[in-house]
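**Student:** With the input below, show me the fold.
(one chain, ligands or ions: 1)
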Amino acid sequence: MEVVIAPGPQLARLAADAVGALLSRRPDAVLGLATGSSPLALYDELARRHAEEGLSFARARGFLLDEYVGLPADHPERYRAVIDRELVSRVDLDPDAVQGPDGTAEDLPAACRRYEEAIAAAGGVDLQVLGIGTDGHVAFNEPGSSLASRTRVKTLTEQTRQDNARFFDGDAEAVPQHVLTQGLGTILAARHLVLLATGRAKAEAVHHLVEGAVSALWPATVLQMHPHVTVLVDEAAASRLQLADYYRDAWRHKPAWQGL
Ligand SMILES: N[C@@H]1[C@@H](O)[C@H](O)[C@@H](COP(=O)(O)O)O[C@@H]1O
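**Tutor:** Purely as a prediction, here's the structure:
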């Protein structure tokens with residue numbers, strides 16, 4: 001796990017560098033797309049590079065991490081709508097090449113199975129963008145999630161509904177109770193995980209993610225089992241890291257050829 005501690009705008013640029021390097025190596029790369037506020041600066045930077053530097057997503061494909069259950073198809077907070085607004089509509093990514101779990105499906109378990117099959121049929125995710133919840137969830141894998149889980153229905157914790165109320169006019173009751181989410185096992189199958197976290201509210205979760213014991217209580221800790229994880233955090237989110245000085249030192253002395 002590589003931990004990079006830097007100011008927010010630099011984190012977005014580093015994540016964009018990783019996406020750009022992947023697309024130049026492999027123009028038809030499969031991108032794993034996260035919602036929430038953490039990746040927004042990255043999407044802004046990708047949109048800028050598309051407009052100003054010709055970064056192209058024309059042959060790329062995308063898979064969302066998760067989706068609310070039961071929000072109407074035209075609801076602006078459906079994650080599919082969010083990703084269309086924040087990324088797809090701002091670059092040349094083909095909307096038909098982007099998929100998310102279908103939270104409107106009548107048969108939700110069947111929709112989850114189909115989603116796993118679609119990811120496998122695309123050859124798996126090359127680079128998965130991730131955020132982290134204050135309770136240590138990734139995607140919507142809440143505490144107690146199986147560390148080997150695949151895409152399935154989950155029930156949100158009260159804390160996550162409170163955290164996400166800001167997208168629903170501050171009304172936690174309006175946040176759906178149920179979601180479809182890629183499982184932790186699904187996420188671990190992606191080839192490179194790039195997790196972004198900023199702000200003091202994430203400090204405890206980031207500490208567990210990087211330095212805690214692997215446990216379903218802090219689901220993000222399972223990322224320690226993945227061979228290629230880049231954790232991009234600002235000073236506030238890094239404020240509980242015991243080995244922060246070592247991570248800074250390692251980053252400072254990182255060989256130029258290595259890349260993220
Ligand atoms: N399902 C999403 C996650 O994918 C996201 O990483 C996390 C943190 O969100 P934010 O980045 O807004 O803090 O919570 C949300 O509920």
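
**Student:** Report all helices and strands that the longest helix along the chain contacts.
**Tutor:** Identified as the longest helix of the chain according to DSSP state H is helix 8-25. Where contact means 3 or more CB pairs under 8 Å, 6 or more residues apart in numbering; DSSP states H and E, helix 8-25 is packed against helix 40-53, strand 127-130, strand 192-197, strand 229-233. In short, each C-beta sits where N, CA and C put it, glycine included.

**Student:** Could I get the full set of strands for the chain?
**Tutor:** With strands called from DSSP state E, the chain shows them at 2-5, 30-33, 61-64, 66-68, 98-99, 127-130, 152-155, 178-181, 192-197, 229-233.

**Student:** Out of those strands, the one nearest the ligand is which?
**Tutor:** Comparing these against the ligand with CB to the nearest ligand atom, the closest turns out to be strand 66-68 (5.0 Å).

**Student:** Name the surrounding residues that touch the closest one.
**Tutor:** 35, 77-80, 100-103, 139-140, 175-176, 178-182 (CB atoms under 8 Å, 6 or more residues apart in numbering).

**Student:** which of those are close to the ligand?
**Tutor:** Contacts with the ligand are made by 35, 139-140 out of these, judged by CB under 6 Å from any ligand atom.

**Student:** Can I get those residues in CSV including pLDDT?
**Tutor:** Below are those laid out as CSV (pLDDT from 0 to 100):
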residue, pLDDT
T35, 97
A139, 98
F140, 97
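
**Student:** Please type out the PyMOL selection for whichever of those turn out to be buried.
**Tutor:** Only the buried entries of these go into this PyMOL selection, using 16 or more other CB atoms under 10 Å:
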select buried, resi 35+139+140
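
**Student:** Report the contact partners of the residue in the stretch 101-250 of the chain positioned nearest to the ligand.
**Tutor:** The stretch 101-250 of the chain approaches the ligand most closely through G131 (2.5 Å), counting by CB to the nearest ligand atom. With contact set as CB under 8 Å, 6+ apart, G131 has these partners: 34, 36-39, 138, 195-197.

**Student:** from memory A139 sits against I187, does it?
**Tutor:** Yes: the pair A139 and I187 passes the contact test of CB atoms under 8 Å, sitting 6.4 Å apart.

**Student:** Could you list the residues of this protein in contact with the ligand?
**Tutor:** 34-38, 65-66, 131-133, 139-140, 160, 164.

**Student:** rerun that using 5 Å as the cut-off
**Tutor:** Residues of the chain lying near the ligand by CB under 5 Å from any ligand atom: 34, 36-38, 131, 133, 140.
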